[in-house]
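Q: Coordinates only, no sequence provided:
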């Protein structure tokens with residue numbers, strides 16, 4: 001077996017091991033195949049080129065595997081590969097006394113038991129205590145608790 005083929009098998013084995021460590025959870029085919037390729041290429045180096053070449057191949061494969069794992073776990077590698085985004089939005093940020101008990105509105109979506117409604121010209125996420133309320137139904141606020149708005153159908157036309 002030629003040196004080029006042995007080196008290619010070791011590199012593919014290291015790549016499969018990194019794939020196993022970083023992407024695929026658990027002991028799957030990629031990790032087993034990667035380890036098998038590295039062991040096979042070291043065996044072939046011993047068998048084809050002798051003990052000295054086999055020792056050098058073993059040392060090179062060990063150093064290459066260790067170096068690639070260290071490089072993969074460095075934080076700069078993860079910053080380049082991963083998303084760096086913080087969610088800053090909030091649902092229903094209610095200013096004090098903007099929506100109060102007794103305010104009227106209209107259901108924009110079906111409330112089953114929660115959905116969107118327009119109250120005092122603004123859109124809010126609301127919750128129905130009286131079951132499902134269809135879209136375009138007039139509603140009235142029954143309770144405001146923190147950021148939760150509870151509504152019921154407004155039967156007064």
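A: Thanks, I have it. All values reported here derive from a predicted model rather than from experimental measurement.
Q: can you pull out the helices in the chain?
A: With DSSP state H as the criterion, the chain has helices at 3-22, 29-49, 51-73, 75-81.
Q: And the average pLDDT for the last one is what?
A: Averaging the model's pLDDT scores along helix 75-81 yields 66.
Q: next one: stretch 141-148
A: Here the average pLDDT along stretch 141-148 is 88.
Q: Quick check: buried residues in that stretch?
A: 141, 144 (16 or more other Cβ atoms under 10 Å). C-beta: built from backbone N, CA, C; applies to glycine.
Q: can you give me how far that stretch is from the chain middle?
A: 33 Å (Cα atoms, centre = their mean, to the nearest Å).
Q: Mind putting the helices of the chain into JSON lines with mean neighbour count and distance to residue 103?
A: Listed next are the helices of the chain as JSON lines, based on neighbours: other Cβ atoms under 10 Å; distance: least, Cβ to Cβ, whole Å:
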{"stretch": "helix 3-22", "mean neighbour count": "17", "distance to residue 103": "52"}
{"stretch": "helix 29-49", "mean neighbour count": "17", "distance to residue 103": "58"}
{"stretch": "helix 51-73", "mean neighbour count": "14", "distance to residue 103": "55"}
{"stretch": "helix 75-81", "mean neighbour count": "10", "distance to residue 103": "47"}
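Q: What residues sit buried inside stretch 100-113?
A: For stretch 100-113, by 16+ other Cβ under 10 Å, it's 105, 107, 109, 110, 111.
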